[in-house]
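# following is a predicted model, sequence given first.
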Amino acid sequence: MEEIVKSIDEKLSAFDKITLDEMSGIRLMNRIDTKFLVNVHQLPTLLEMAQKDYYVQEIGTLRKAFYRTLYYDTPTATMYVVHQDGKLNRQKIRVREYVESNLMFLEVKTKNNKGRTSKKRITITDENVLENQEAISFLDEKSKFKMSEIAYRLRNSFFRITLVNKQKTERLTIDFNINFENCVTGIKNTISKLCIVEVKQDGNAHSYFKDYLSSLRIKQRSISKYCLGMVLTDPSIKYNRFKEKVRYINKL
């Protein structure tokens, strides 16, 4: 893994950079997401392909960022079950920490039956939001769930590379070295060879990165990090909907 990370860093060093301030106009908070599951050994090749067409987000001097996430759910894992059962209208509630930026947000991520994803968030200073009045009011307004109905369910951490096309009409994230810890079962798991690539577009603009993936015969294949983490750390849950995807990830 050390050799792969070194190769990834070398490829990233060749990109033109974009700063957080320059990213402010392309957040794509209401968007269409397309995901791909990639073996980490293919990532240096993809990055080399992308160097002429994309900027890489740089924070300070860092071109890959470390994220931590805490997901909330009900005692019966309602948000997971809705996804497992194939319901198109669904939500996730999470606290996300952007470690290098020293930022933390409470987020409500909603997906509708048209395939569009909307994310609403507020800044917080502590992941323990269960008694935070501002957070309680925020969930009352933006979520289907009240604070009194949810509790800690799953943690994850990962490294993220963020690329933006030169036309600034597309943003994509590449997550790798993904670790999970279940807050209920205490089980931990790591998927060291998996990269999750997510192309985020507010419209149907052409994506060069999708062309690169196609040239490597990598097809669209979606999975939620929350659902994947639940499957890998909670033996008691039903996961029929995700069995084929978990088998595919294991092959990677």
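Everything's here; your move.
# what number of residues lie near I249?
By the criterion of other Cβ atoms under 10 Å, I249 has 20 neighbours. From N, CA and C alone the C-beta is placed, and that goes for glycine too.
# whoops, N204 was the one
8.
# M23 versus that one, what's the distance?
22 Å (Cβ to Cβ, to the nearest Å).
# ok, K200 next?
Counting by Cβ to Cβ, the gap from K200 to M23 is 12 Å.
# joint contacts of those two?
Common neighbours of K200 and M23 (criterion: Cβ atoms under 8 Å, 6 or more residues apart in numbering): R171.
# who has more neighbours, those two?
K200 (21 against 16).
# hey, what's the more buried one bridged with?
D33, R171 (DSSP bridges).
# from memory it sits against I174, does it?
No: in this structure, K200 is not within contact of I174 by Cβ atoms under 8 Å, at 11.8 Å.
# shaky segments in the stretch 1-150 of the chain?
27-31 (pLDDT under 70).
# now with 50?
By pLDDT under 50, the stretch 1-150 of the chain has no low-scoring segment.
# do a quick rundown of the strands in the stretch 1-150 of the chain.
Taking DSSP state E, counting those that start in this stretch as the criterion, the stretch 1-150 of the chain carries its strands at 16-18, 30-39, 54-57, 65-73, 90-98, 103-111, 116-123.
# to K144, which of the ones you listed lies closest?
The closest of the strands of the stretch 1-150 of the chain to K144 is strand 90-98. By Cβ to Cβ, the value is 5.8 Å.
# could you give the bridge partners of L103?
Applying DSSP bridges to L103 yields these beta-bridge partners: Y98.
# residues near it, how many?
If we define neighbours as other Cβ under 10 Å, then L103 has 13 of them.
# doesn't E97 make contact with it?
Yes: if you go by Cβ under 8 Å, L103 and E97 touch, sitting 7.4 Å apart.
# quick one, helices of this protein?
In the chain, the helices defined using DSSP state H lie at 2-12, 20-23, 43-50, 78-84, 133-142, 208-215, 225-233, 243-251.
# orientation of the longest one relative to helix 43-50 in degrees?
Between the direction of helix 2-12 and that of helix 43-50, the angle (axes from the mean of the first three to the mean of the last three Cα atoms, to 10 degrees) works out to 10 degrees.
# which residues touch helix 2-12?
In contact with helix 2-12 (Cβ under 8 Å, 6+ apart) are residues V40, H41, L43, P44, L47, E48, Q51, V56, R63, K64, I161.
# go on, the fourth one?
By Cβ under 8 Å, 6+ apart, the surrounding residues in contact with helix 78-84 are 73, 90-93, 145, 153, 224, 226-227, 230, 237-242.
# please check the residues you listed and keep the buried ones.
73, 90-93, 145, 153, 224, 226-227, 230, 239, 242 (16 or more other Cβ atoms under 10 Å).
# lovely, talk soon.
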